[in-house]
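Colleague: Provide a 3D model corresponding to the input given below.
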Amino acid sequence: MAVTIKDVAKKAGVSPSTVSRVLSNHPRISRETTRKVKAIMEEMGYHSNMMARSLVSNKTYTLGMILPRPAEELFQNHFFAENIRGITTQASRNGYDILMTTGHSEQEELAAVTRLVKGKRVDGVILLQSRRNDPIIAFLKNEDFPFILIGHYAQDEDILCVDNDNVQAAYDATQHLIAQGHDRIGFVSGPPNLTVSVDRLDGYRRALADHGLPMQPEWIVEGEFLQESGYRAMSFFMNLPERPTALVVIDDLVTFGILRGLTELGFRVPDDLSLVSFNNISLTELSTPPLSSIDIGIYQLGYMASQLLIRQIQGDKPQQSRTIVPHRLIVRESSLNLHRNGAERK
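Modeller: Numbers count the residues shown, from 1 in each chain. Below is the predicted model:
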């Protein structure tokens, strides 16, 4: 026979209602009791009946996750893998499953989210990207449905979100290049409808303005968060009559495309072009040369997004709508003036 809550309660010396509260991660149950009950569950091979549990609590114990477009961006970019790892780790610790969905267009994405919400298939939704005038956000707000955004929504600062200070992060990256002696600095951006692209471009511009340096429109190139975008940007920059001597790049994966193109043409980093990018994924240390990159705490972004959404679902109102994960610049060879700062290599 299947092990029941009553069986677990009897062996643990607690009431069945206490076992139920442990299953729902009730904040009033002590850590000691929670550990004891969960250990006995594992020992007895107890598995909760999720359908019955959902009927009683009116919850699915499932979070919806909206994956970004295009699909290539998700599977090629290490940012999303690490971000999702943080989300699923925290969700699992709180007894929540993850249901992922996406679409080939904005309309398909909205239809997918509508099915999740109207069909009562999830208790809350995590959005992995912040887009301007996003219809999904408008829908979730109208439904008064729990959701959280990784990024921030410029049109509504009251939306629950986990974010970096991307303006300051791009400012720091640009200022580092200026400190290395560069006065012709370009910027490789992402899609202009994404808030992160807008914020990082703003930080780059502010740093140049504060140091009295020119900002040439032709030194700013937009693309996707894909290696191919960096490859195309590099070709454009290196054919300019007056090209930048350094670049701030929106994403490590894009920077790998720039490195590939430069190598094919016989240019060297940082001798011919210095680079600073974002995310500090593990491959940045292994590239040739190792990349300087802004560490934005990718795992922490996902972990905190999951944590805050579950708290909201459980009725714990957040004290502030926007939580900032700190960033830090990791300096490696790609941005150093090697003739002047050889001792600074990492």
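Colleague: pretty sure residue 186 is in a helix, no?
Modeller: No. Using DSSP: H, G, I helix; E, B strand; the rest coil, the assignment for residue 186 is strand, not a helix.
Colleague: and stretch 137-153, C-alpha only, in CSV?
Modeller: Output of stretch 137-153 as CSV, limited to C-alpha atoms (Å, rounded to 0.1, in the frame of the first residue of the first chain):
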residue,chain,number,x,y,z
ILE,A,137,3.1,42.2,-18.8
ALA,A,138,-0.1,44.1,-19.7
PHE,A,139,-2.0,40.8,-19.6
LEU,A,140,-0.6,39.5,-16.3
LYS,A,141,-1.2,42.9,-14.7
ASN,A,142,-4.8,43.0,-15.9
GLU,A,143,-5.3,39.4,-14.6
ASP,A,144,-3.7,40.4,-11.2
PHE,A,145,-1.6,37.3,-11.6
PRO,A,146,1.6,36.8,-9.7
PHE,A,147,4.7,37.3,-11.9
ILE,A,148,8.3,38.5,-11.7
LEU,A,149,10.6,40.0,-14.3
ILE,A,150,14.3,39.5,-14.7
GLY,A,151,15.3,43.0,-15.7
HIS,A,152,13.1,46.0,-15.1
TYR,A,153,10.1,47.5,-16.9
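Colleague: Show me what it is in contact with.
Modeller: The contact list for stretch 137-153, computed with Cβ atoms under 8 Å, 6 or more residues apart in numbering, reads 83, 110, 113-114, 117, 123-130, 134, 156, 159-163, 194-196, 301-302, 305, 308-309, 312-313, 322. Using the backbone N, CA and C atoms, a C-beta is placed for each residue, glycine as well.
Colleague: Now, those residues that are in helices?
Modeller: Counted as lying in helices by DSSP state H, out of these, are 83, 110, 113-114, 117, 195-196, 301-302, 305, 308-309, 312-313.
Colleague: Give the buried subset of those residues as a PyMOL selection command.
Modeller: Typed into PyMOL, the line below selects the buried ones among these, using 16 or more other Cβ atoms under 10 Å:
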select buried, resi 83+110+113+117+195+196+301+302+305+308+309+312+313
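Colleague: would you list the ones in helices among the contacts of stretch 137-153 in JSON lines and tack on pLDDT?
Modeller: JSON lines is the format used below for those (pLDDT from 0 to 100):
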{"residue": "83", "pLDDT": "94"}
{"residue": "110", "pLDDT": "92"}
{"residue": "113", "pLDDT": "94"}
{"residue": "114", "pLDDT": "94"}
{"residue": "117", "pLDDT": "93"}
{"residue": "195", "pLDDT": "94"}
{"residue": "196", "pLDDT": "96"}
{"residue": "301", "pLDDT": "97"}
{"residue": "302", "pLDDT": "97"}
{"residue": "305", "pLDDT": "97"}
{"residue": "308", "pLDDT": "96"}
{"residue": "309", "pLDDT": "96"}
{"residue": "312", "pLDDT": "93"}
{"residue": "313", "pLDDT": "93"}
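Colleague: possible to save the ones in helices among the contacts of stretch 137-153 as JSON lines with distance to residue 280?
Modeller: JSON lines is the format used below for the ones in helices among the contacts of stretch 137-153 (distance: Cβ to Cβ, whole Å):
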{"residue": "83", "distance to residue 280": "13"}
{"residue": "110", "distance to residue 280": "33"}
{"residue": "113", "distance to residue 280": "31"}
{"residue": "114", "distance to residue 280": "36"}
{"residue": "117", "distance to residue 280": "35"}
{"residue": "195", "distance to residue 280": "20"}
{"residue": "196", "distance to residue 280": "15"}
{"residue": "301", "distance to residue 280": "13"}
{"residue": "302", "distance to residue 280": "15"}
{"residue": "305", "distance to residue 280": "19"}
{"residue": "308", "distance to residue 280": "23"}
{"residue": "309", "distance to residue 280": "25"}
{"residue": "312", "distance to residue 280": "29"}
{"residue": "313", "distance to residue 280": "31"}
